[in-house]
Structures are given as C-alpha cells and as structure tokens.
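[1] Please work out how this folds:
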Amino acid sequence: MLDYLLKQKLRRLANNPTRKRKTHSLRTARSLAIVFDATDNQYRQEVINWSREQEKAGKSVQVLGYFDSRKPPEDPGFPSFSKKNRSLNGSWKNAALDAFADLTPDLLIVLNPKDQLPVMYAAVRSNAAMKVGAPSEWTNDFDLFLETPSHKNLSFFLDQLHFYLEKLHTAHEPARTI
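    Model prediction:
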C-alpha cells in the first residue's frame, strides 16, 4: 500500500513542468548532486570516492544516500535517509532529503541499480537543470538515460556517463571556421 501511495506521489511530482532544463556535461556543470542506493558497502564507497574525485576537479558536490534498512549506519559520513524515515502516506520525513530537494544543481546523477522507489523519489523531487540515470519508469523527468549491461559495475557506468556527457558537450560547441 505504501509503495502505491509513493508511486502516485511520484507521478504527480514527475509531471511538474516547473523545472528549468539545461544540457550540461561534466565539464560545464559547476554543481553536481548524486542520489544513490547506499545499502551496499562496496557500492557506497565507490560512489563516495567518485564524488571526491569530482570535488578535486573543482565541482561542488552534494550526495544523498538511501539505506534500504530500518537500521541504517549511525553516521555514514554523508546525508542519508532510510526506511525508518518513511511516513504513513508513503513519502519520507527527513531533513537531509528535504535539503537535497531544495538544491538546484547543474547536474543530478542518479545511481540506483536496484531501481529503488525511494531513490527515485529523491531524484524526482530535485530541481536539477539536467538529470541523468539508468532507465526507469519515470522517463519524463530524466534528460538522459544510460543503459549498461547488468554484469557491468559502477565504474563502467560512470565511464559511460563521462563519455556520453562529453559527446553532448562537443555537440553543443559552436563550429570552428578555418
């Protein structure tokens, strides 16, 4: 029942046309937001390491992790939410989630290999100029989908993300005359 209520809320949020869309590459985006499934320790560490690389490259990076557990880690070292924050109407009551939704980053990267509804809830609430992630039923809210083989890891997805975002960047550069 809670998932049904959440899906209804997601449909309403995803059909909101107020978000100002703009194409960005990793090169042109000054601010990144990353929402991800933080349940798996190894996956979580890979996401955090990649976000630190982006910070070293001069990007402002905000992360939000979702723990698919009623007992998440006490202090994961980044803003997060979990099943224990779920309210009776199917959404979440969580200050970190609300603060993340208030951000307006240039680029939102959604890392959600298990297609967790709570991760999608956080992504759909975002007002990012450009949203990128793996295929999902919330197609009208994303600007770019990257589908990678299921046997490939997060590093492969991030490499493909970089590759295709750079293609977008070069496609939007003005032609040079010789």
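[2] and residue 25, how many neighbours does it have?
    Residue 25 has 19 neighbours, counted by other CB atoms under 10 Å. The C-beta positions use only the backbone N, C-alpha and C, and glycine is treated the same way.
[3] hang on, it in a helix?
    No. Counting by DSSP: H, G, I helix; E, B strand; the rest coil, residue 25 is not part of a helix but coil.
[4] So for the protein, the centremost residue is which one?
    What sits nearest the mean C-alpha location of the chain, by CA atoms, centre = their mean, is residue 110, with 2.5 Å.
[5] Thought residue 131 was touching that residue, still the case?
    Yes. Residue 110 is in contact with residue 131 according to CB atoms under 8 Å; the separation is 6.7 Å.
[6] List the buried residues of the lengthiest helix in the chain.
    Secondary structure assigned by DSSP state H gives helix 154-171 as the longest helix of the chain. Under the neighbour-count criterion of 16 or more other CB atoms under 10 Å, helix 154-171 has 154, 157, 158, 161, 165, 168, 169 buried.
[7] got the contact list for the nearest residue to residue 128 once chain neighbours are set aside?
    Nearest non-adjacent residue to residue 128, counting by CB to CB, 6 or more residues apart in numbering: residue 108, 3.5 Å away. Residue 108 is in contact with 32, 33, 34, 35, 123, 126, 128, 130, 131, 132, counting by CB atoms under 8 Å, 6 or more residues apart in numbering.
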